[in-house]
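[1] Can you look at this prediction? I've put the sequence above it.
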Amino acid sequence: MTAGSRGDVVPFTGLGHGLLRAGHEVTLVTHGSFRPLVAGSGLGFHPLPVDPRTVLESDRGKGLHRSATGPGKLLRAVSMARALAGTMADDLLTAARAADILLLSASLAPLGHTIGEGLSLPTLGLSLQPVATTREFAPPMLGGGSWGALGNRAAGHGVGLAIEHVFSSVVPELRTRLGLGRVGSAAALRRRERRNWPVQHGFSPLVVARPHDWRPGLDVAGYWWPYDVSTELPREVRDFLDAGPPPVFVGLGSATVPDPEHLSTEIVRALRRAGVRGVFQRGWAGLAAEGDDMLTIDEIAHSALFPHMAAVVHHAGAGTTGAGLRAGVPAVPVPIQFDAGFWSERLVRLGVAPRAVPLRRLTADTLGAALVQVTRDGEHGKRARALGERIRGEDGVGPVVAAISRLCRS
């Protein structure tokens, strides 16, 4: 069960397919607009209401860009999500009645916990970010960095309360429907924490090591790669690749931007100043570029495209960050909001990116300078290739299979 943008869904198509190969019957429960993502994977699909792209493109969604700070964006997102949370409860409950085990993304954990308790079903958490509180870094949803040990923990508790606020009205109603006592969702989660509720995290320990102060039951599994129906590149893309040196990929995934045309123009100018060709992926931002040295594409599997790139310029979402690392290519992250700042910092710390170029400060000069550095000095590419080889050797599905087996035995 997962909700959010495309990046909150695609990793679970690959994880689900891995569970299918291990002998499980798997249904992906998420927004109906993502049904095509499971095509050919063998997974079942149960649709949830709400189209995330429509929400982000609404006046309320566009308001996220008016907040310049991580806390400000989080408050706007919480208000937006709170208005939508109740619309998904009925479909989640219907899907759960046909299940033996519920695998819950962080975005739906409070609802999933309640449903699991009401139907006496075991649950397992699946998180794409390190959401549990730690002294070692500030909550990724606030943009990363560190506020000191005490500040990091305090901020983590604050983010937890903000997330609980999203579900504070729907969880008590759902508990009543299921014949459970009326207890706040925050209290229910604290009870599960004390019982060491198991959570597997879908990122590499080479990128984020398991914090030393995490409680037992919080484990880092490794990346869950999207299920790709086809890894064959379209003829148009192959011809472009053959026509010159490796280009730079530019894509912002499911992020939206205030002025796509102006941003596209600035990025094209940056690429040309750096003397590199570009492959633009339209995405939800609506990026596009023209000229013999530029190619604009729609959705293509990153696993097929990225290994042919000289570098990748992306929004530093968890999934795209992982895809670039897997391909072994250096990056220039362009963080826009939420956990993007956290992943950007990780790329810089790992030495595979020279610096982050936040969207608010992106110009042809700032991006162009970063592109010159990442494509010409050779060191970022060397480190990216070495790290990519190690990440490709990891098995993120295996720990989840083992965790499910433990649930079955218990």
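    Good, I have the coordinates.
[2] And the strands in the stretch 151-300 of the chain?
    199-201, 218-220, 248-251, 278-281, 294-297 (DSSP state E, counting those that start in this stretch).
[3] and Thr231, which of the ones you listed is closest to it?
    strand 294-297 (14.8 Å; Cβ to Cβ). Every residue, glycine included, has its C-beta placed from N, CA and C.
[4] how far does the closest one sit from the chain's center?
    On the basis of Cα atoms, centre = their mean, to the nearest Å, strand 294-297 sits 24 Å off its chain's mean C-alpha point.
[5] Kindly report the same for stretch 128-147.
    14 Å.
[6] Next, the distance between the ends of it.
    Terminal residues of stretch 128-147 lie 22 Å apart, using Cα to Cα, to the nearest Å.
[7] again, but for stretch 349-362
    21 Å.
[8] What residues of that stretch count as buried?
    Applying a neighbour-count criterion of 16 or more other Cβ atoms under 10 Å, the buried positions in stretch 349-362 are Leu350, Val352, Ala353, Pro354, Ala356, Val357, Pro358, Leu359, Leu362.
[9] Now do the same contact list for Trp147.
    Ala138, Ala154, Ala155 (Cβ atoms under 8 Å, 6 or more residues apart in numbering).
[10] swap that for Leu387, please
    Neighbour list for Leu387: Leu206, Leu325, Gly328, Leu350, Val352 [criterion: Cβ under 8 Å, 6+ apart].
[11] ok, then the element right after the one helix or strand it maps to?
    Assigned by DSSP states H and E, Leu387 falls within helix 379-392. The helix or strand immediately downstream of helix 379-392 is helix 397-409, counting by DSSP H and E.
[12] Off-centre distance for that next one?
    Averaging C-alpha positions (Cα atoms, centre = their mean) puts helix 397-409 23 Å from its chain's average.
[13] who touches that helix?
    Residues from elsewhere that reach helix 397-409 (Cβ under 8 Å, 6+ apart): 14-15, 18-19, 22, 24, 101, 103, 122, 124, 126, 198, 200, 219, 221-222, 224.
[14] Of these, just the buried ones, PyMOL syntax please.
    In PyMOL, selecting the buried portion of the contacts of helix 397-409, with burial taken from 16+ other Cβ under 10 Å, looks like this:
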select buried, resi 14+15+18+19+103+122+124+126+198+200+219+221+222+224
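[15] Can you pull the poorly scored residue ranges out of the chain?
    53, 55-83, 182-195 (pLDDT under 70).
[16] Give me the domain ranges for it.
    Split into domains by automatic domain parsing, the chain comes to 6-223+395-409, 235-392.
[17] What are the buried residues along the helix or strand harbouring Trp343?
    Using DSSP H and E, Trp343 maps to helix 340-349. By neighbour count on 16+ other Cβ under 10 Å, the buried set for helix 340-349 is Ala340, Gly341, Phe342, Trp343, Ser344, Glu345, Arg346, Leu347, Val348.
[18] Dump the residues you listed to TSV, plus distance to Gly388.
    TSV is the format used below for the buried residues of helix 340-349 (distance: Cβ to Cβ, whole Å):
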residue	distance to Gly388
Ala340	21
Gly341	23
Phe342	20
Trp343	16
Ser344	18
Glu345	19
Arg346	14
Leu347	12
Val348	17
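[19] Include distance to Ser5 when you put the strands of the stretch 151-300 of the chain into JSON lines, please.
    JSON lines is the format used below for these (distance: least, Cβ to Cβ, whole Å):
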{"stretch": "strand 199-201", "distance to Ser5": "19"}
{"stretch": "strand 218-220", "distance to Ser5": "23"}
{"stretch": "strand 248-251", "distance to Ser5": "14"}
{"stretch": "strand 278-281", "distance to Ser5": "15"}
{"stretch": "strand 294-297", "distance to Ser5": "19"}
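[20] of all these, which lies closest to His165?
    Short answer: strand 199-201, nearest of the strands of the stretch 151-300 of the chain by Cβ to Cβ, at 20.7 Å.
[21] who's in contact with that closest one?
    Contact partners of strand 199-201, identified using Cβ under 8 Å, 6+ apart, comprise 124-130, 132, 208, 217-221, 399-400, 403.
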